[in-house]
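Colleague: Sequence first, predicted model second:
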Amino acid sequence: MLEIHQFPCLSDNYGYLVHDPESGETVCIDTPDAEAYLREAGHREWQITQIWNTHWHPDHAGGNAAIKAATHCTVTAPAEVERIAVPDRVVAHGDTVRLGGFTAQVIDVSGHTNGHVAFYLPEAGVAFVGDAVFALGCGRMFEGQPDQFWASLERVKALPPETLLYCAHEYTASNARFALHADPDNAALADYAEHIAKARAAGRPTVPTPLSRELATNPFLRADDPALQARWGGATPAETFAALRAAKDTF
């Protein structure tokens, strides 16, 4: 069974170390803070053997060089990561990567950036989605286009509903405020928002989140819902998604 160690780093990022006890391999999912990753791996006596980057932003790939220098690990990343660190292997949608006996599928989730990928491990029932999807949110559309981003979200929506989504930031309380504004009649969302408020008040993380809950409550994943389309406009889900994303940008 995979062991996933989640820890806070920088101001609001989550770091992830994923360890396969049988092979002894450990992968860093993104590298926002090299020192934190090396420290956390050391505490668990895990040897970092790989890095998997979801996209090029410095709070996701900025620690690559330092971790590789310290551990001699290999770096797997989408081509865009070459902007700040040269990966050992470039991957794109449809590729696979391995951690010991586990295989991860590489999924195109571009929109936040144009090369953003997610890593889905079906045997473990988990997906590391970077900044493509957050609990009750999605990444800001810095580089992509609405049709592109919506297609990416549809690929996430198609995963088994029990999949746990490991996103990269603790943005959920803020996202909940917008979600309630966007979808005020959603009873499941109201319950979820109450749960989030209690969790954060107690200092507990709201990540990971099951896809099933996001399908019922995340307005960005529900841009094809008739009620949201009626409320926010748009002849297509991508147009409704664009309206929601623009509203969130200024909320």
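Modeller: Looks like it arrived, so ask away. Keep in mind it's a predicted model, so treat the numbers as computed, not measured.
Colleague: May I see the buried residues of stretch 44-54?
Modeller: Buried positions in stretch 44-54, judged by neighbour count with 16 or more other CB atoms under 10 Å: 46, 48-54. Placement of C-beta: from N, CA and C, glycine included.
Colleague: Could you export it as PDB, CA atoms only?
Modeller: C-alpha atoms of stretch 44-54 as PDB (Å, rounded to 0.1, in the frame of the first residue of the first chain):
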ATOM      1  CA  ARG A  44      10.700   9.200   7.900                       C
ATOM      2  CA  GLU A  45      14.000   7.800   6.700                       C
ATOM      3  CA  TRP A  46      12.600   7.700   3.200                       C
ATOM      4  CA  GLN A  47      15.000   8.100   0.300                       C
ATOM      5  CA  ILE A  48      13.700  10.400  -2.400                       C
ATOM      6  CA  THR A  49      14.200   8.700  -5.800                       C
ATOM      7  CA  GLN A  50      11.900  10.700  -8.000                       C
ATOM      8  CA  ILE A  51      10.100  14.100  -8.600                       C
ATOM      9  CA  TRP A  52       6.900  14.400 -10.500                       C
ATOM     10  CA  ASN A  53       6.000  18.000 -11.400                       C
ATOM     11  CA  THR A  54       2.500  19.000 -12.400                       C
END
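Colleague: tell me the mean pLDDT over that stretch?
Modeller: The average pLDDT for stretch 44-54 rounds to 98.
Colleague: now that stretch: how far from the chain's centre is it?
Modeller: Here the centre of stretch 44-54 is set off from its chain's centre by 17 Å, with CA atoms, centre = their mean, to the nearest Å.
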